[in-house]
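> test case, fold it:
(chains A, B, C and D)
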2 protein chains.
Amino acid sequence: MDKVRQDSKAPRSYGQFCALARGLDLVGERWTLLIVRGLLAGPMSYTDLRASVGGIATNLLAERLRALESNNIVQRQLGDSGVLYALTPWGAELRTPMEALGRWALPLLERGQGDDAFQPRWLALAIPALLRGAAANPPVELGIETDGFSMVVRIDEDGPSAVARTDEQPETIFTGSPDIVVGLAAGRLTIDQAITMGNLQGDRDTLSAVFPPERANAGSVSATP
Amino acid sequence: MDKVRQDSKAPRSYGQFCALARGLDLVGERWTLLIVRGLLAGPMSYTDLRASVGGIATNLLAERLRALESNNIVQRQLGDSGVLYALTPWGAELRTPMEALGRWALPLLERGQGDDAFQPRWLALAIPALLRGAAANPPVELGIETDGFSMVVRIDEDGPSAVARTDEQPETIFTGSPDIVVGLAAGRLTIDQAITMGNLQGDRDTLSAVFPPERANAGSVSATP
DNA sequence: CCGCATCCTCATGGATACTG
DNA sequence: CAGTATCCATGAGGATGCGG
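Model (predicted):
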């Protein structure tokens, strides 16, 4: 018999004619934005995505992905290595509100990592968000390594971006704990402080080009958490 | 005996060292951002707030307000008319990410109001969000009436803002359904189309100063919902 | 293995009634 | 008016199963 998948999910809506409310109808459920966070770095397989989201139950991930797909935020791709999930163009535009929310929540990072989990790939969203507004011509590239994960932060005329580092070219690499890297990006630590606490291989100029000293303690974070 | 209020709420956290996740720990629960939406227009009493949020159960509102207060997003004020809830400075900064999310969700309004509820005061968040970036010197003010509610949209050198209209000064007033007002603000309708569908008392120049024709169909909304 | 679906338990949400 | 108390429905979380 035909397996007609009954769309038995009536995904609780606010039922309000308001852009914010309708947006929250789509991305306001638990885990949803963390799934998008994972996909902002590029398409991923189900299993990788599950690890990237961090702690989501498998049935919930499947359910959320189904909802996201039917709302045109996520699309499935058939790679040669199996199924890949990717953001649609509209879904990728969630980067802006998500970065804004992340910047708002920055003061919450000041209490440090504590017992919380950490995945270096999450920084691939955070770093560009924190550096948003910066631009450089010619481009600057800085390798950053934390918690065993390497990424390249690049600032060009289009602004900052971060990608996982696959090659092994001798770029300027700064190594430090998540606290230090975030503190540097957030302007909470000066470059000198960061170098004292971390480890810089290469020239300091690249580091200060990516994290300009004038941003330090610049108070882009204004209020008390 | 002492009523020691056991803080029995262990408000389910993602437990991740990530600004987005920590932000969602505070404002990611259902209804929370809609409560903030209400308070962005100014301090409100419990009962007014409940009406403004639209459909929230009273126990949930009390619980959310308690959490928001203990997280320094909302603070209670003692007005002479009783308790008032207001945003803290940090809480008020949620306007930026909320506007960003609203702009992202704008395509969802294109299917019209349908059966959804509508409260004109919600536009006090939406209109400035849609007009963000606009500035005018000298300032322009336009009275807008929809669904029995009047507001004044003002654009000055600091950008757009909207406040409920209490006085009865003879300002230029445009009257139209929510669909029309939103369509105009979103640049989906031209001024001529809006006037055809609505009703303008006063001069067209003020209307076009607030909703510049060049924004119409400008494609600030890029993707498909 | 990967990509889910099912089952079960319990915390959370939602509606309504009630109280200082 | 400003909530609390109660009860039921629903969604989250965890374990496990199962076909490809």
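
> pretty sure A:Pro97 contacts B:Pro97?
Yes: at 5.6 Å, A:Pro97 and B:Pro97 qualify as touching, with contact defined as C-beta atoms under 8 Å. (Glycine included, C-beta is placed from N, CA and C.)

> contacting residues around the longest helix along chain A?
Counting by DSSP state H, the longest helix found in chain A is helix A:58-70. Residues outside helix A:58-70 that contact it (C-beta atoms under 8 Å, 6 or more residues apart in numbering or on different chains) are A:7, A:9, A:11, A:26, A:29-32, A:35-36, A:46, A:49-50, A:53, A:56, A:74-76, A:85, A:91.

> next SSE after that helix?
strand A:74-79 (DSSP states H and E).

> direction included, what does that next one pair against?
Strand A:74-79 has these partner strands in its sheet, going by DSSP bridges: strand A:82-87 (antiparallel).

> so the partner strand, near DNA strand D or not?
No: using C-beta under 7 Å from any atom of the strand, strand A:82-87 never reaches DNA strand D; the gap is at least 8.8 Å.

> and that strand with helix A:58-70, angle?
Angle between the axes of strand A:82-87 and helix A:58-70 is 60 degrees (criterion: axes from the mean of the first three to the mean of the last three C-alpha atoms, to 10 degrees).

> buried residues in strand A:82-87?
For strand A:82-87, the neighbour count (16 or more other C-beta atoms under 10 Å in any protein chain shown) marks A:84-85, A:87 as buried.

> of those residues, closest to B:Gly143?
Nearest to B:Gly143 out of those is A:Leu87 (C-beta to C-beta; 40.9 Å).

> for chain A, what spans make up the helices?
Under DSSP H, chain A gives helices at A:19-27, A:32-39, A:46-53, A:58-70, A:89-92, A:95-104, A:123-131, A:178-185, A:191-197, A:204-210.

> wait, which of those helices is closest to B:Asp115?
Comparing the helices of chain A by C-beta to C-beta, helix A:19-27 comes nearest, at 12.9 Å.

> show me what that closest one is packed up against.
For helix A:19-27, the elements it packs on are helix A:32-39, helix B:32-39, helix B:95-104, helix B:123-131, judged by 3 or more C-beta pairs under 8 Å, 6 or more residues apart in numbering or on different chains; DSSP states H and E.

> number of residues surrounding A:Leu78?
By other C-beta atoms under 10 Å in any protein chain shown, the residues close to A:Leu78 number 8.

> ok, it touching A:Leu84?
Yes: counting by C-beta under 8 Å, A:Leu78 touches A:Leu84, with 7.4 Å between them.

> in contact with the residue minimising distance to the centre of chain A, which residues?
In chain A, the centroid-proximal residue (C-alpha atoms, centre = their mean) is A:Leu125; its distance is 2.2 Å. Residues near A:Leu125 by C-beta under 8 Å, 6+ apart: A:37, A:40-41, A:95, A:98-99, A:102, B:18, B:20.

> residues contacting stretch A:186-202, please?
Here stretch A:186-202 has contacts from A:106, A:109-110, A:130, A:171-177, A:180-184, A:204, A:207-208, A:211, A:213, A:215-218, A:220-221, using C-beta under 8 Å, 6+ apart.

> next one: it to chain centre, how far?
21 Å (C-alpha atoms, centre = their mean, to the nearest Å).

> same check on stretch A:31-42?
8 Å.

> and what of stretch A:78-95?
The chain centroid and the centroid of stretch A:78-95 are separated by 15 Å, computed with C-alpha atoms, centre = their mean.

> contacts made by that stretch with the rest, please.
With contact meaning C-beta under 8 Å, 6+ apart, stretch A:78-95 is reached by A:27, A:33, A:36, A:39-40, A:42-46, A:49, A:65, A:68, A:72-77, A:125, B:104, B:107, B:222-225.

> good, wrapping up.
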